[in-house]
Every structure is written in C-alpha cells, then in structure tokens.
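Trainee: fold the following and give me the result.
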Amino acid sequence: MGYVLVTGASSGVGREVAITLSKKYHLILCGRNEMALQQTKALCNPACRIVFWKYDFTQLSHLEDDFVNMMGEHSYDVVGFVHCAGILQMLPIRMISLARLEEEFSVHVFAAALLTKLLASKRVNGKKLKSVVYISSNISNRGARAFSMYGASKAALDGLMRNLAIELSPQVRVNSVLPGSMRTKMTEEIFSQSKSMDQLAEHFPGGIGSPRQIASVVAFLLSEQASWVNGQQITVDGGRNIDLTEREG
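Mentor: Modelled structure (predicted):
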C-alpha cells in the first residue's frame, strides 16, 4: 500500500480527502498547523500510517530542497498526490498587489507544479507516482466580482493540469476537480452572511455541497477505476454550471 501526499490537510476539503483516502492508502499530510493535522489524523483510519509535513506554501524558495530531504529520510513510495492547499483573498482589482498575487499563485500553482515535478522524478520518488489530482474551482471557467486573483490562479492550475497530463502520460494521470460552493473554514466569511447563503443556495440545483462529496470524486480519480481518465476538469457543483434558470433580481 503506497502513500498519497495530501496538501491542505488541516481542514476543509483536504481533511475530508485524507479521511476518505486513509481507508486505502498511507498518507503524508501537509499543512501549516500541526495541531490541526493531528486533529485530521484522529479522524482517519487507525490502520493507516500517517506522516506530517508542516509547510507554508506562500514561502517556496526552499521547497524543493526541503521536500527532497523529507523524502530522503524515509522510504515513502508516493503513488498519489492531491493538492488541496488553498488561499482565498476576495478583493476588487483596485486592491490587488504583486505580493498578494504572488501568495495566491504560490499556494495554488507554483507549489503544485514543483511538488508534481519532484514526485514524478525517479531520483526523488523512484517513478512510483501514478495519479495527481488538483483541487481547482468552478470559478476557473467562470467569473465573479472580487475573485480575479483566485479565479486566475485556479485557471492557471487547470492549465498546468492539462499540459502535465500529456507530458507525464502514460506513467502518471493528472486531473482536476472543480468544486462549487461549499461551507468550509476558507468560505466561512461568505456563508456567515445569511443573504449570501440563501442567494447561493438558489443557484445550486443539488444544494450547497460538502467537502465529503469532493473527497469521493478524488478517491475515484486516484483509483484504477479511473485508469482512462486523464487531463480532465471534473466539475462537482450540484448542477450549478449548467443551470440556465431565469431568476428575479
């Protein structure tokens, strides 16, 4: 039984992905808060071997060396990689800055690219990697006010996915999951406004989603059942993206 690296495993989608995958794989859980990672571990299958890797993806200058050192200290055969790490800065265009853009792209895109590079390397991981799943967002193909940085970084992540799906095939499959609105720690501020909650729910035929629903799709994409699924954006949003119902207001 190989290992799966799950970034952003401290909460939200990353935590649910870890819980779901712990039934089949050993895990390397990555996040910035070790106490939160311990809480995730407590919810996982006790038979699963779990390793913590505390890291902040807004600071990437030593990422490659640090990851290689971590892998070199132990015998981990990493067969899967799920990049759930996320940052959401809702700002109008007049308020964005280079520093904020760098943070958003570092977490969502640059970390994903560098870790995929290392895990696909024979020197670092013995070419054990089989499947990669990036957690993107349905905003990747759409648009919304104050989401320019987040949407642009997720669109870049999906572009990375499509190109790596070709470059790394047939050894590695690369796909992304595009969730719709879910209530997580990262989106709590949005959902704390009752009007926003009601307005959002109206646009989701299948209702507001949960991280557990995303985790089940991730598990499928990592499995052999998805052996012919490669380079795909899998939208999981309760039908939001196809709903053309006219609404007042």
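
Trainee: residue 139: neighbour count?
Mentor: Number of residues near residue 139 (other C-beta atoms under 10 Å) recorded here: 21. C-beta here means a position set from N, CA and C on the backbone, and glycine is covered the same way.

Trainee: one more: residue 217?
Mentor: Residue 217, neighbours per other C-beta under 10 Å, totals 20.

Trainee: is it located within a helix, as I assumed?
Mentor: Yes. Under DSSP: H, G, I helix; E, B strand; the rest coil, residue 217 sits within a helix.

Trainee: for the chain, which helix or strand comes out least confident on mean pLDDT?
Mentor: Lowest on mean pLDDT, DSSP states H and E among the helices and strands of the chain sits helix 188-191, with a mean of 53.

Trainee: burial count for the closest residue to residue 211 other than its chain neighbours?
Mentor: Distances taken as C-beta to C-beta, 6 or more residues apart in numbering place residue 16 nearest to residue 211, at 3.8 Å, with adjacent residues excluded. Number of residues near residue 16 (other C-beta under 10 Å) recorded here: 24.

Trainee: can you pull out the helices in this protein?
Mentor: 12-21, 34-43, 63-73, 98-105, 111-119, 122-125, 148-167, 188-191, 194-202, 211-222 (DSSP state H).

Trainee: out of these, which is the most enclosed?
Mentor: helix 12-21 (a mean of 26; mean count of other C-beta atoms under 10 Å).

Trainee: just to revisit the earlier point, adding distance to residue 136, write the helices of the chain out as JSON lines.
Mentor: JSON lines is the format used below for those (distance: least, C-beta to C-beta, whole Å):
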{"stretch": "helix 12-21", "distance to residue 136": "11"}
{"stretch": "helix 34-43", "distance to residue 136": "22"}
{"stretch": "helix 63-73", "distance to residue 136": "20"}
{"stretch": "helix 98-105", "distance to residue 136": "13"}
{"stretch": "helix 111-119", "distance to residue 136": "10"}
{"stretch": "helix 122-125", "distance to residue 136": "23"}
{"stretch": "helix 148-167", "distance to residue 136": "5"}
{"stretch": "helix 188-191", "distance to residue 136": "18"}
{"stretch": "helix 194-202", "distance to residue 136": "19"}
{"stretch": "helix 211-222", "distance to residue 136": "11"}
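
Trainee: how far away is residue 51 from residue 147?
Mentor: Distance, residue 51 to residue 147, by C-beta to C-beta, to the nearest Å: 34 Å.

Trainee: one more: residue 161?
Mentor: 19 Å.

Trainee: so which residue is smack in the middle of this protein?
Mentor: Taking C-alpha atoms, centre = their mean, the centroid of the chain lies closest to residue 84, which sits 2.3 Å from it.

Trainee: can you check the pLDDT for it?
Mentor: You'll see residue 84 listed with a pLDDT of 97.

Trainee: these two touch, right, it and residue 16?
Mentor: No. The pair residue 84 and residue 16 fails to qualify as a contact (C-beta atoms under 8 Å) at a distance of 9.1 Å.

Trainee: which stretches of this protein have low pLDDT?
Mentor: Scanning the chain for pLDDT under 70 picks out 182-208, 240-249.

Trainee: ok, and what's touching stretch 149-159?
Mentor: By C-beta atoms under 8 Å, 6 or more residues apart in numbering, the list of residues contacting stretch 149-159 from outside reads 83, 88-91, 96, 100-101, 104-105, 107-109, 112, 134, 136-137, 139-144, 176, 178, 233.

Trainee: since that was my last question, I'll sign off now.
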